[in-house]
Every structure is written in C-alpha cells, then in structure tokens.
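1. Take this sequence and fold it.
(2 chains)
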Amino acid sequence: MSDLNDEYDAYDEYDGADGHGASGAYDERDEELHDGLVEEELRQAAAILDPVPAGLRRVAVDAFVLRDLDARIAELTFDSLVDGIPVRGETDPPRMLTFSTDAVTVDVEVTADGLIGQLLPPGPAGVEVLSGPRAHARLTADDMGRFAGEAPPAGPFALRLRTGREVVVTEWLRA
Amino acid sequence: MKVLAAVGTTHSTAYDGTSYTRGGTVDRADVGALVQSAADGDAAAWKSLVDGLGPLVWSVARSHGLSDADAHEVYQTAWFRFAQHLGRIREPEKTGSWLASTARNECLKLLKASRRWTPTDDPQLLDRPSEDRTPEESVLDSEEAAAQTERVRLLWQEFEELGERCRQLLRVLISSPPPSYQEVSAALGIAVGSIGPMRQRCLRRLRARLEARGTK
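-> Next comes the predicted model:
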C-alpha cells in the first residue's frame, strides 16, 4: 500500500491535469485510484462538516460506568413498535416491551404519563430506572411484582431490578 | 482489498497538503484485545474504542436521515448497550460490526416509530452540520483556508445531491478510520459482495458531478 500522503499528492497532480475528461484517457486502474482519492477527500470533508459532536463523544466515554458484569441481561423479546399490531384509531398507543432472561420476565408499558411494569414470576424487587451514566430514579416492585413511576426522560433507558436472588438489567432502549 | 483500518484518535489537519494522517497506532485487529481490556476495567481502552468506532456509529445514524435528536439517541443507545454487553460479546474482534448493526436496528425502529420516511429525501437533514466545532473547523475559519473551505463545501454539497442510496453508502464508507466491508454490511444490511460495485458506481457519479461543475 502506498502512503496516503502520496495518494493525496497524486490527487493534486490530477487536479492540474488537462483533458482528463476525454474518454479512454484513463485505464481502469487510474479510475480506481481516483475513486479512492475522492473517497478520501470526502472522508476529510465528513470529519470537518459532520463529526461526532464533542458532547456526544463525552457521553460515550462516560458510558464506561454502565458496564455491569454481575447483572444478568434481560433481552428485548417483544416490542410493540416492531411486533405489535396497530390498533385502528389509536393515535398514540403505549409502547409495550418485554424483556426476558432464562428465569425472569419483565413487562413494561411506557406512555407519556408514566411507566408501569410487571415482574414475573411475581415478587418484590428494587427497580432503578437508568437514563444514561448519571440520572436515575428508584422504584419498588410490590409483592405482586408490580411497579410504576414517571415516564423515563428522553433518550435511551434501562431498568435494573434487584430481586432477592439476582440482579437483572434490561437492554438499553429508546422508549 | 480493503485495508484493515486503524482504531484510535483520528488526526486530520486536512488540506494543508502535507500532514494528513489517518488512524492511531491500534489496528482493527486489536479491537478484540481492547474490548477485553475494557471489560477488565481499563478506561483508556474504552476511550480508544469510542474514538476508533464512534465515527462509524455516528455515520450509521447520519446515513439513515434521522433528525439530530434521533441520531444522538441512536449513538447513545449503541454505546450504552455495548457497555452493558462488555465481557459478553461473543466475537469481540467484530465489535465494529456489532455496534454498526445495533445502530442500524435502532435507526430502523426510530424511523418506524415516527414514520419519518420522507426526511431521508430532504437534503437539509444531512446538510446540517453538527453544532460542536472541531479544531479542523477552526482551522478552516482562517483566511488562508477560505478557498479550501469552499472546496470542501462544494464537495459536500455534491455528495448530498447524490441519490439516497449512494448518500447512505458513502456516508458510512467515509467514516474515520475507514470501516471494513463487514462493518458497512452490518451498518446498512447489504451484502459484502455488493459494496465494492456500489461504491464504485457512487463515487463515479460523484466525480462526474464534480467534473460537470468544473471542480473535479
């Protein structure tokens, strides 16, 4: 592979060339070279005009604290957005979500008004509503495994449930 | 062959003609090792992953024509979920594809949620530069760089006037460092084998547009 600087210089020469548009003036290898140069120039343009916003990068760096090696991850097994059948006439249906591990199921319903959940098998649990590396709310599931709270703030959220036996965390999801 | 891209800080003092460099010191092949280190608690390894793979995740969100707010949420969801799955990823060396695929799924969901299919045809969405200013932008603000700024803008403008599929493919291909074709495939749900031919067609369309404008 040639050095990228060389490629870039080559493009400068191409810049100054005349008559490049004539058909057949370049063979396929040249064409591919120039494809690569335009791609590279476009990559630089993207880095300048559409980079990862600095604040967003910081959020991803801070997300390191979200690693949770001891918890079991409850995977999303039902999402009304994907699996649901739309109800005629209902303009803003609640988002129904089901998360499952081998042993536990968590049903969650999110509306603008709030969040309600059901832990199965039923039982008490501490429930943390996570909404990023920092903010969170604490709820309690009653003896029937029911819990309720305010709707999670905008952005992705996850629930961390502490039952008597284990810690379960739902997959991060945008409500 | 696609070169194995480097993971690490991308340093780009574009358009000064001499000091354009790409990638850090860590090869894509080391992604698996970085993921392992991060799972073991190494925050610096995590940061390297964010810097090396973040632009790919961002490009996936941007390529789907989401609003700024939705693109932010897709990016966050992908990283939160990756942090959550640290130590559990079956093929850590394929983390780039894992992140790209996760971001794509979230994009499709948000599009479905908001039925926002039309804005992908709205060039203004892709046209809107991010609010945060980069050192590169500041460099471009200087007087002597005005001509190059104009050239970058022209190039970007022609890119955005390409068809939706070309814009989508190229936006992911031009993330820094360059993604592997496996990652592009995961990001866009297209077969690895079709990426090369589509890339060529799209780049040649772009070149033709530039030549027609006399800017090459």
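2. A:Gly149: how many residues sit nearby?
-> Residues near A:Gly149, counting by other Cβ atoms under 10 Å in any protein chain shown, number 16. C-betas here are computed from N, CA, C, even on glycine.
3. Check what pLDDT the residue nearest to it when sequence neighbours are not counted gets.
-> Closest residue in space to A:Gly149, ignoring its immediate chain neighbours: A:Leu139 at 4.5 Å, by Cβ to Cβ, 6 or more residues apart in numbering or on different chains. What the model reports as pLDDT for A:Leu139 is 95.
4. likewise the one 10 residues further on?
-> The predicted local confidence for A:Gly149 comes out at a pLDDT of 95.
5. what bridges to it?
-> Per DSSP bridges, the residues bridged to A:Gly149 are A:Leu115.
6. Report the next helix or strand after the one helix or strand in chain A whose mean pLDDT sits lowest in sequence order.
-> Ranking every helix and strand in chain A by mean pLDDT, DSSP states H and E puts helix A:4-16 at the bottom, with a mean of 37. Going down the chain from helix A:4-16, the next helix or strand is helix A:28-49, by DSSP states H and E.
7. just to revisit the earlier point, so the residue nearest to A:Gly149 touches A:Phe147, yeah?
-> Yes: A:Leu139 is within contact range of A:Phe147, at 4.7 Å (criterion: Cβ atoms under 8 Å).
8. How many neighbouring residues does A:Leu164 have?
-> One correction, residue A:164 is Gly, not Leu. By other Cβ under 10 Å, the residues close to A:Gly164 number 7.
9. cool, the one 4 residues further on as well?
-> The criterion is other Cβ under 10 Å. On that basis, A:Val168 has 24 neighbouring residues.
10. Helices of chain B, residue ranges please.
-> For chain B, the helices defined by DSSP state H occupy B:31-39, B:43-63, B:68-85, B:95-114, B:123-127, B:135-141, B:146-160, B:164-173, B:181-188, B:192-212.
11. With respect to those helices, which exhibits the lowest mean confidence?
-> helix B:123-127 (a mean of 43).
12. picking up where we left off before, distance to A:Ile73 and mean neighbour count for the helices of chain B - can I get that in JSON lines?
-> JSON lines is the format used below for the helices of chain B (distance: least, Cβ to Cβ, whole Å; neighbours: other Cβ atoms under 10 Å in any protein chain shown):
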{"stretch": "helix B:31-39", "distance to A:Ile73": "14", "mean neighbour count": "20"}
{"stretch": "helix B:43-63", "distance to A:Ile73": "18", "mean neighbour count": "24"}
{"stretch": "helix B:68-85", "distance to A:Ile73": "6", "mean neighbour count": "23"}
{"stretch": "helix B:95-114", "distance to A:Ile73": "13", "mean neighbour count": "21"}
{"stretch": "helix B:123-127", "distance to A:Ile73": "33", "mean neighbour count": "16"}
{"stretch": "helix B:135-141", "distance to A:Ile73": "38", "mean neighbour count": "15"}
{"stretch": "helix B:146-160", "distance to A:Ile73": "39", "mean neighbour count": "17"}
{"stretch": "helix B:164-173", "distance to A:Ile73": "27", "mean neighbour count": "22"}
{"stretch": "helix B:181-188", "distance to A:Ile73": "20", "mean neighbour count": "24"}
{"stretch": "helix B:192-212", "distance to A:Ile73": "29", "mean neighbour count": "16"}
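13. Understood, closing this out.
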